[in-house]
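In: show me how the following folds:
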Amino acid sequence: MRTTTSITVALAAAVGLSISAVAQTEPSLEETRADIEVRMAAAKARTKAGDEMVNAYFFMEDEPVYPAPGDSPDRGEGPYSRLVIRGVYYVAGTGAPARGPVDIVVEGDRIAAISGTNLVEAARPASGDREIDATGMYVLPGFINSHSHTGPYQVVDFSMDYVYKLWLAHGLTTVRAVGSHRGGLTWTVEQSRRLEAGEIDGPDLHAYAFFAPELPTSSLRTAEDARRWVRAVAEAGARGVKFHHGSPTLLEAAMGEARTLDIRTTMHHAQIASPRANVLDTSGWGLESMEHWWYGLPEALFENQRIQHYPTYHNYENEEHRFQGAARILSQAAPPGSDRWNEVMDTLVERDFTISPTFAVKEATRDVMAAARREWHDTYTMPWQWKFYTISRKSHGSFFFDWTSEDEAAGAEDYRLGMAFVNAFKNRGGRVTAGSDAGYVWCLYGFCYVRELELLQEAGFNALEVLRAATLHGAEALGIDGETGSIELGKKADLVIVGENPLDNFKVLYGTGALRLDENDRLQRVGGVEYTIKDGIVYNAKELLGDVREMVAKDKAERGIPEGALPLEGL
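Out: Below you'll find the model as predicted:
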């Protein structure tokens, strides 16, 4: 493999990619241009539909650099011909309150029986190959992450084993890889196959292709190109498409083709596209869901303008400008309760639309220090991940170049308005899911998903509504609610067992648990997931977290980094 040279920096300026440079000798400008053209042409020629981004990032290499694929299945036990979970309270995920205690019988990968424990002992389910004494514990449907990525762009050291273990340790049994950025669609579909086959440990992975015509490796130019591309990614194994930008002609053609092929669709309405394609437009073309409440929705709510009012110096390619604008857009839109606000909301509800708000990933915009100093970073954040988080113009989501108190105040107001819309949308029957978008902005895998649940509650969801967003509504959005998303007879045994009642405090789902002062004035850590069961396979969440702690400690030791807090200034 050819070592990346300083030519990469020249392309970074040209197409907005951030790839580190290792210069041996400085070529002439003409040589640089010629080499870039040759290598970009080669990258474009080898690019399959859905692999445009990974080939654009690694165009200077002879082939893309893929993350480590995951570990062999050494932690999961089962599936069993008969697994019995004894004495547990269960929350079905449908909105129904907790019930129990019950015994739950799992046969293979399916829920076979749910029986009350008030029966005479002889009438309770017989023992099986394995029993879990869950007396006094709570079982929930496996969590569904509607917004995830298989890795943050150009981090060469990235490890999926690390990510999969953090996901499983926090109860995630299904994740939607929106865009399949890091490895491209080809690699992500193969990951999905290996996970489903049990060759590696991790949640079920739904690979979505990334639609972005402006990428230099893209060949999307006409409506027929767009339709052909959708057919190609569907044939390659994509479960859906995540749209990012494109002309109305391209977007409408691609969304129509996806609907014809019955594959799912969602969109990050990038601000380079949203003036011509807001959520009212795209949902009318057949789009099923949207990512990030601050993109595409505010533009549909404008009353006194059609385009966001930006400062004259605003540059979309400057990420601080981009997120400063995103923190101020809803303040320019129709206020809560207004005619326009109600019209947009009612239209989306009528279209059976889904919102994946991703509250957690942008939370740093309202309090940078709180996000950067979450307690789990000290023990569970890999140094290479921390380096990616570090404030920099080279890493996506590390945009706090000079983030001020005024910016945080604007961010807080943005959250107030966004949460008001999402909560009211839910109240009118709209579908809301839980998605973390971890890997960016100090949002760590697994932990950030639990934070998303807390923020849904802050938005106004009650605990059962939060849980439904994280389970059944997520399954509906992915089109798998006939198989998973709730605890019902015949459905897959995708389950989360917790020692504490998460409806009382979602913090008990964190791998670090929750703090509680006992009656003797002693501070204790309580909670954490006990077991995650995926397809009937039992994972001990505490053991998975132990594996992650060892990974982090080993990586720190190899890099000569002391234990404890990682420096905000970077490594």
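In: helix, strand or coil: sort out the nearest residue to Lys534 once chain neighbours are set aside for me.
Out: Spatial nearest neighbour of Lys534, chain neighbours left out: Thr173 (4.4 Å); criterion: Cβ to Cβ, 6 or more residues apart in numbering. For glycine as for every other residue, the C-beta is placed from the backbone atoms N, C-alpha and C. Counting by DSSP: H, G, I helix; E, B strand; the rest coil, the backbone at Thr173 sits in strand.
In: thought Asp103 was touching Ala123?
Out: No. Asp103 sits out of contact with Ala123 when judged by Cβ atoms under 8 Å, with a separation of 10.5 Å.
In: pLDDT-wise, which helix or strand of this protein ranks last?
Out: Least confident helix or strand of the chain, by mean pLDDT, DSSP states H and E, is helix 7-15 with a mean of 40.
In: how close does the residue nearest to Lys534 sit to Arg276?
Out: 38 Å (Cβ to Cβ, to the nearest Å).
In: same question for Arg416.
Out: As for Arg416, its distance to Arg276 is 28 Å (criterion: Cβ to Cβ).
In: and for Asp51?
Out: In this structure, Asp51 and Arg276 are 27 Å apart, going by Cβ to Cβ.
In: re earlier: who has more neighbours out of Thr173 and Arg276?
Out: Neighbours around Thr173 and Arg276, counted as other Cβ atoms under 10 Å, are more numerous at Thr173. The numbers are 28 against 15.
In: excluding covalently adjacent residues, which one is nearest to Tyr90?
Out: Distances taken as Cβ to Cβ, 6+ apart place Val139 nearest to Tyr90, at 4.7 Å, with adjacent residues excluded.
In: what's around the residue lying closest to Leu503 once chain neighbours are set aside, how many residues?
Out: Using Cβ to Cβ, 6+ apart and skipping the chain neighbours, the partner closest in space to Leu503 is Ala463 (4.2 Å). A count of neighbours around Ala463, defined by other Cβ under 10 Å, yields 19.
In: for the remainder of this discussion, apply numbering that starts at 231.
Out: Taking 231 as the first residue, the last one we looked at is Ala693.
In: where does Ala693 land on pLDDT?
Out: Ala693 is assigned 98 on the pLDDT scale.
In: quick one, phi/psi of it?
Out: In terms of degrees, to the nearest 10, the main-chain angles of Ala693 are phi -60, psi -40.
In: with Ile334 instead?
Out: Per-residue torsions, Ile334: phi -110, psi 130 (degrees, to the nearest 10).
In: again with the one 4 residues further on
Out: Recorded main-chain torsions at Gly338 are phi 70, psi -120, according to degrees, to the nearest 10.
In: so Glu454: helix, strand or coil?
Out: Three-state assignment for Glu454 (three-state DSSP): helix.
In: the residue lying closest to it once chain neighbours are set aside: neighbouring residues, count only.
Out: Of all residues not flanking Glu454 in the chain, Ala483 sits nearest, at 7.5 Å (Cβ to Cβ, 6+ apart). Other residues within reach of Ala483, judged by other Cβ under 10 Å, total 23.
In: next: Arg658.
Out: The burial count for Arg658: 12, using other Cβ under 10 Å.
In: how far away is it from Thr577?
Out: The separation that Arg658 has from Thr577, given Cβ to Cβ, amounts to 11 Å.
In: got any ranges where this structure has weak pLDDT?
Out: In the predicted model of the chain, residues 231-255, 382-383 satisfy pLDDT under 70.
In: show me the longest helix that occurs in it.
Out: Under DSSP state H, the helix in the chain containing the largest number of residues is helix 635-657.
In: for that helix, what is the distance to the chain centroid?
Out: The gap between the average C-alpha position of helix 635-657 and the chain average comes to 20 Å, counting by Cα atoms, centre = their mean, to the nearest Å.
In: and that helix, what does it pack against?
Out: If contacts are counted by 3 or more Cβ pairs under 8 Å, 6 or more residues apart in numbering; DSSP states H and E, helix 635-657 sits against helix 549-556, helix 569-580, strand 661-662, helix 677-689.
In: which of the ones you listed sits closest to Gly317?
Out: When these are ranked by distance to Gly317, counting by Cβ to Cβ, first place goes to helix 677-689 at 25.1 Å.
In: dump the C-alpha coordinates for stretch 381-390 into PDB.
Out: Only the C-alpha atoms of stretch 381-390 are listed here, as PDB (Å, rounded to 0.1, in the frame of the first residue of the first chain):
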ATOM      1  CA  GLY A 381     -16.700   4.400  12.100                       C
ATOM      2  CA  PRO A 382     -15.600   8.000  11.900                       C
ATOM      3  CA  TYR A 383     -14.200   8.600   8.400                       C
ATOM      4  CA  GLN A 384     -10.400   8.600   8.300                       C
ATOM      5  CA  VAL A 385      -9.400   7.000  11.700                       C
ATOM      6  CA  VAL A 386      -7.100   4.300  10.500                       C
ATOM      7  CA  ASP A 387      -6.800   2.600  14.000                       C
ATOM      8  CA  PHE A 388     -10.600   2.300  14.200                       C
ATOM      9  CA  SER A 389     -11.800  -1.000  15.800                       C
ATOM     10  CA  MET A 390     -15.300  -2.400  15.300                       C
END
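In: touching that stretch from outside, list them.
Out: 247-250, 287-288, 295, 297-300, 380, 393, 411-413, 421, 430, 432, 612, 614-615, 617-618, 625-627, 669-670, 781 (Cβ atoms under 8 Å, 6 or more residues apart in numbering).
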